[in-house]
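*Asks:* What follows is a predicted protein model with its sequence.
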Amino acid sequence: MSTVAASSVVQRNGRAVAAGELAPLAFAGYAHFTAMQVRGGRIRGLDLHLERLRLASVELFGRALPDDRMRSYLRAALEDGPADLSLTATVYSPAGEFTVAGDDAEPEVLVRTGPAASGPEGPLALAAVEHERMLPAVKHVGEVAKTYFLRQAAGEGFDDAAFVDRRGRLSEASIWNLAFWDGASVVWPVAEMLSGITMTVVRRRLDRLGIPQRDQEITLSDLPALAGAVVMNSWTPGVAVHRIGAVALPEAPSFVELLHRAYQAEPLTSP
């Protein structure tokens, strides 16, 4: 059996799912999810993933599943797989899209696993694109703009796209959070965005390591004064960014190493 086949599982509410059950979901666009890397059967920031799913469910559906049930679905998906893999948990309403769900429409959960991932090596060049996501605080599936702008950026010779809001502030990248370095402190951009799990893990670990951090509105004109930039997501706590738009940035390997060290300090937890 291939590694891909061995690590690929799709379950609905903790059980193997048939093609007929998946068919109605193939065209669904009203759902939210969280993505994580599982190592040794355990997960960093599990408490944050559960909180994300809970809060997003209340926002989209008006109700959330208990954490214990969500953890049972994660355990079921990990039971027969390899120790290291990628996992995505998607929460949706059986009422579907373009409907007003009643109180009896309890959210359901699709869990998918696949091969473990660690992201690109970098450094990356990001196109600067004016874009603001709908419901930015929710990791939802209605994200056609992300792929569209990624493809547009690649066509222009970039690796990916970074988003600039209507006020000129950098917020996030297509599937990434942004972080910057001023030579002494980690600088987090201030704008409407999704607070990623990896970003939140890194922030709380940097606090415990005593590394200075600050939040700041960052525009393209602010970039020349900075000493480095990275993107981060569930794949990795830091990939160097050497250009955003027309502005070059130092690769700052010590900054990337610091973020990886902070992330590794977060303990792994069993679901």
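*Replies:* Structure received.

*Asks:* Excluding chain neighbours, what is closest to Lys146?
*Replies:* Ser174 (4.5 Å; C-beta to C-beta, 6 or more residues apart in numbering). (Glycine included, C-beta is placed from N, CA and C.)

*Asks:* neighbours of the one you found, just the number please.
*Replies:* 23 (other C-beta atoms under 10 Å).

*Asks:* list the contacts for the closest residue to Val186 other than its chain neighbours?
*Replies:* Using C-beta to C-beta, 6+ apart and skipping residues adjacent in sequence, the residue nearest Val186 is Gln213, 4.6 Å away. Contacts for Gln213 were tallied using C-beta atoms under 8 Å, 6 or more residues apart in numbering; they are Ser185, Val186, Val187, Trp188, Arg203, Leu206, Asp207.

*Asks:* Report the separation between Gln213 and Ser270.
*Replies:* 29 Å (C-beta to C-beta, to the nearest Å).

*Asks:* Break down the stretch 1-150 of the chain into its strands, ranges please.
*Replies:* Along the stretch 1-150 of the chain, counting by DSSP state E, counting those that start in this stretch, strands occupy 9-12, 15-16, 31-39, 42-44, 85-92, 108-115, 124-130.

*Asks:* Below-threshold pLDDT in the stretch 151-271 of the chain: ranges please.
*Replies:* Applying pLDDT under 70 to the stretch 151-271 of the chain picks out no residues at all.

*Asks:* any weak-confidence spans in the stretch 1-150 of the chain?
*Replies:* 1-7, 19-20, 23-28, 102-103.

*Asks:* repeat that with 90
*Replies:* 1-30, 80-81, 93-106, 142-143 (pLDDT under 90).

*Asks:* got the buried residues for stretch 251-259?
*Replies:* Residues of stretch 251-259 classed as buried by neighbour count (16 or more other C-beta atoms under 10 Å): Ala252, Phe255, Val256, Leu258, Leu259.

*Asks:* Out of the residues you listed, which sit inside strands?
*Replies:* Among these, no member falls in strands (DSSP state E).

*Asks:* Tell me the one among those residues nearest to Asp47.
*Replies:* Within these, the smallest distance to Asp47 is 20.1 Å, found for Leu259 (C-beta to C-beta).

*Asks:* What segments of the stretch 151-271 of the chain are helices?
*Replies:* Along the stretch 151-271 of the chain, counting by DSSP state H, counting those that start in this stretch, helices occupy 197-209, 253-264.

*Asks:* Out of those, indicate the one that is most buried.
*Replies:* helix 197-209 (a mean of 19; mean count of other C-beta atoms under 10 Å).

*Asks:* hmm, who's touching that one?
*Replies:* With C-beta under 8 Å, 6+ apart, helix 197-209 has contacts from 34, 36, 44-45, 48-49, 52, 177, 179, 186, 188, 213, 232-234, 236-237, 258-259, 261-263, 265-266.
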